[in-house]
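K.L.:
Structure, please.
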Amino acid sequence: MGCRLCPRECDADRAANEKGYCGETNVIRVARASLHMWEEPCICGKNGSGTVFFTGCPLQCVFCQNASIATGACGKAITPGRLTEIFLELQEKEACNINLVTPTHFVPQIASALKQAKREGLSIPIVYNTGGYEKAETLRLMEGLADIYLPDFKYVSSRLSTRYSNASDYFDAACAAIAEMFRQVGSPVIDSRTGLMKSGIIVRHLMLPGHLADSKRVVSYLFENYRHNIYISIMNQYTPMHIFADMPELSRRVSHKEYCALIDYCISLGIENGFYQEGGSASESFIPSFDYTGV
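P.N.:
Next up is the predicted model:
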């Protein structure tokens, strides 16, 4: 049966070693599994988030900062049994949570590994960290397993989503996905003692240079529909990975003026549950080494 896990519905026979749009077969590939400190404070805490970086991606954005794994260039094949062990090893290292980075195309295998890990004592929250291009049907496979959803909301404009991600339906897909996530986990729950999120949703928006207007539309949609029932994280860490000859607007970083204008807009709307980044976060040093650590 062809793969229909993501909105691409590419119908690739991944079980027969055919690669889907995501670039992957059914064999789980992971590039890194480690404690990660560069998430929102309520996700990483003092010990770090137990991130598992999966190879491949349904979106394949042209500006991807993790291109080496998104495009399949880097990744080690593992079994679902080994994935279960990785989850438990991260918990033993006192990770705040298990953070599944770009998990969409491996959801059935991940769900199975999580269930086994929970039977073996996994008790920390599970974070589903995604580009936002999801199907509700796939997300329902994570119901009762995912405690925290950490989706991107990249665009409202179909022109931009087509130009940068070849996904004209991105906005509709992301809206439906976040609605399903909210149905599952509801409003945020924060541990008053540790400040860590136990359940809920943080929606991330990576601001792109020259697209303040669309960023405002993203923020407006989220606040109008979810008010204070989700967190909104506004990110300024866009880093040009190379010179885009046909997309010159992506060859620079977001300016301080642009980012401040978006933060001011968030404040004017009345957003209270939110995160912003201070200067200096747009750096390749924030991109982890995909050297199979912990795999």
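K.L.:
Run a quick neighbour tally on Ile263.
P.N.:
Ile263 has 18 neighbours, counted by other CB atoms under 10 Å. Bear in mind the C-beta positions are built from the backbone N, C-alpha and C, glycine included.
K.L.:
these two touch, right, it and Ile234?
P.N.:
Yes. Using CB atoms under 8 Å, Ile263 is in contact with Ile234, at 6.4 Å.
K.L.:
list residues touching both of these two?
P.N.:
Common neighbours of Ile263 and Ile234 (criterion: CB atoms under 8 Å, 6 or more residues apart in numbering): Tyr276.
K.L.:
Where does Arg32 fall, secondary structure wise?
P.N.:
Assigned by DSSP states H and E, Arg32 falls within strand 28-36.
K.L.:
same check, this time on Ser161
P.N.:
Secondary structure assigned from DSSP H and E places Ser161 in helix 158-165.
K.L.:
Kindly export that helix (C-alpha atoms) in CSV.
P.N.:
Listed in CSV are the C-alpha atoms of helix 158-165, where the atom choice follows Å, rounded to 0.1, in the frame of the first residue of the first chain:
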residue,chain,number,x,y,z
SER,A,158,0.1,30.0,-0.8
ARG,A,159,2.5,31.9,-3.1
LEU,A,160,5.2,31.7,-0.5
SER,A,161,4.5,28.1,0.5
THR,A,162,4.7,27.1,-3.1
ARG,A,163,7.8,29.1,-3.8
TYR,A,164,9.8,27.9,-0.8
SER,A,165,8.2,24.5,0.1
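K.L.:
Quick one: name whatever helix or strand follows the helix-or-strand element of the chain with minimal mean pLDDT.
P.N.:
Among the helical and strand segments of the chain, the one scoring lowest on mean pLDDT, DSSP states H and E is helix 67-70, with a mean of 89. Per DSSP H and E, helix 67-70 leads on to strand 76-78 as the next helix or strand towards the C-terminus.
K.L.:
which residues touch that next one?
P.N.:
Contact partners of strand 76-78, identified using CB under 8 Å, 6+ apart, comprise 27-31, 86, 292, 295.
K.L.:
in that strand, what counts as buried?
P.N.:
For strand 76-78, burial by neighbour count (16 or more other CB atoms under 10 Å) applies to 76, 78.
K.L.:
avg pLDDT for it?
P.N.:
Taken as a whole, strand 76-78 has a mean pLDDT of 98.
K.L.:
on that earlier part again, ok, then the element right after the helix holding Ser161?
P.N.:
Following helix 158-165 in sequence order, the next helix or strand is helix 170-185 (DSSP H and E).
K.L.:
Distance from that next one to the middle of the chain?
P.N.:
With CA atoms, centre = their mean, to the nearest Å as the basis, helix 170-185 stands 13 Å off its chain's centre.
K.L.:
Restricting to C-alpha, output it in PDB.
P.N.:
Taking C-alpha atoms only, helix 170-185 is exported to PDB below (Å, rounded to 0.1, in the frame of the first residue of the first chain):
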ATOM      1  CA  TYR A 170       0.500  24.400   3.500                       C
ATOM      2  CA  PHE A 171      -1.800  26.900   5.200                       C
ATOM      3  CA  ASP A 172      -4.900  24.600   5.100                       C
ATOM      4  CA  ALA A 173      -2.800  21.600   6.200                       C
ATOM      5  CA  ALA A 174      -1.200  23.500   9.100                       C
ATOM      6  CA  CYS A 175      -4.600  24.900  10.300                       C
ATOM      7  CA  ALA A 176      -6.200  21.400  10.300                       C
ATOM      8  CA  ALA A 177      -3.100  19.900  12.000                       C
ATOM      9  CA  ILE A 178      -3.000  22.500  14.800                       C
ATOM     10  CA  ALA A 179      -6.800  22.000  15.300                       C
ATOM     11  CA  GLU A 180      -6.200  18.300  15.800                       C
ATOM     12  CA  MET A 181      -3.300  18.900  18.100                       C
ATOM     13  CA  PHE A 182      -5.400  21.200  20.200                       C
ATOM     14  CA  ARG A 183      -8.200  18.700  20.400                       C
ATOM     15  CA  GLN A 184      -5.800  16.100  21.700                       C
ATOM     16  CA  VAL A 185      -3.800  18.100  24.300                       C
END
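K.L.:
Can you list the strands that the helix or strand following it pairs with?
P.N.:
Going down the chain from helix 170-185, the next helix or strand is strand 189-190, by DSSP H and E. Using DSSP bridges, the strands paired with strand 189-190 are strand 197-206 (antiparallel).
K.L.:
Now do the partner strand: everything it contacts.
P.N.:
Under CB under 8 Å, 6+ apart, the answer for strand 197-206 is 40, 42-43, 125, 132, 147-154, 178, 181-182, 185-191, 215, 218-219, 222, 226, 230-235, 237-238, 275.
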